[in-house]
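J.: Sequence and predicted structure are below.
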Amino acid sequence: MNTFKLKIIACDRVFYEGECESLVFLSADGKMGIMANHESMTTAVEIGEIKFKTPDGQEHVAITSDGIMKCNHNQVVILVYSCEKPEEIDVFRAKEAKERAMEQLAQKQSIMEYHISRASLARAMARISGKDKYVGG
């Protein structure tokens, strides 16, 4: 069985560390897949879902913020600001964050504040979508 080592690290915890058969995540170039013995590379991870399959056949889903992925010598490390299982998401808090971000976007802001508000809105929407899709609101 062809596997590789996967480690997903968020600011507050190591989300997953272990063997993996396949990995799919959203990069700046669209959805990207990684399998065993993938060529060495480093790329950005976009806000959204990460799906990975472990050797026991189980498929796992994580809702993440943006970050970076490094693949080298059959080891993949993903470093993101936040990473949650869909069942861990507090949909009420995510909806509040979405409302705050939308209010901030409606106000006059600097370019930097605009990008921060846009990223906050994208994170909130990914969390809400992940909760609805995998657990049900």
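T.: All right, it came through fine. Because the structure is a prediction, the values reported are computed rather than measured. Numbers count the residues shown, from 1 in each chain.
J.: in the sheet, who's paired with residue 84?
T.: Beta-bridge pairing of residue 84 under DSSP bridges involves residue 63.
J.: let me redo that: residue 49
T.: In this structure, residue 49 bridges to residue 63 when assessed by DSSP bridges.
J.: For residue 48, list the residues it contacts.
T.: 25, 26, 63, 64, 126 (CB atoms under 8 Å, 6 or more residues apart in numbering). All C-beta spots, glycine's among them, are computed from the backbone N, C-alpha and C.
J.: What separation is there between the first one and residue 83?
T.: Right, residue 25. Relative to residue 83, residue 25 is positioned 11 Å away (CB to CB, to the nearest Å).
J.: shared neighbours of these two, which are they?
T.: Counting by CB under 8 Å, 6+ apart, the residues touching both residue 25 and residue 83 are 50, 64.
J.: Work out which residue lies at the spatial centre of this protein.
T.: Centroid-nearest residue in the chain: residue 64, 2.4 Å away (criterion: CA atoms, centre = their mean).
J.: Residue 48 and residue 31: what is the separation?
T.: In terms of CB to CB, residue 48 sits 9 Å off from residue 31.
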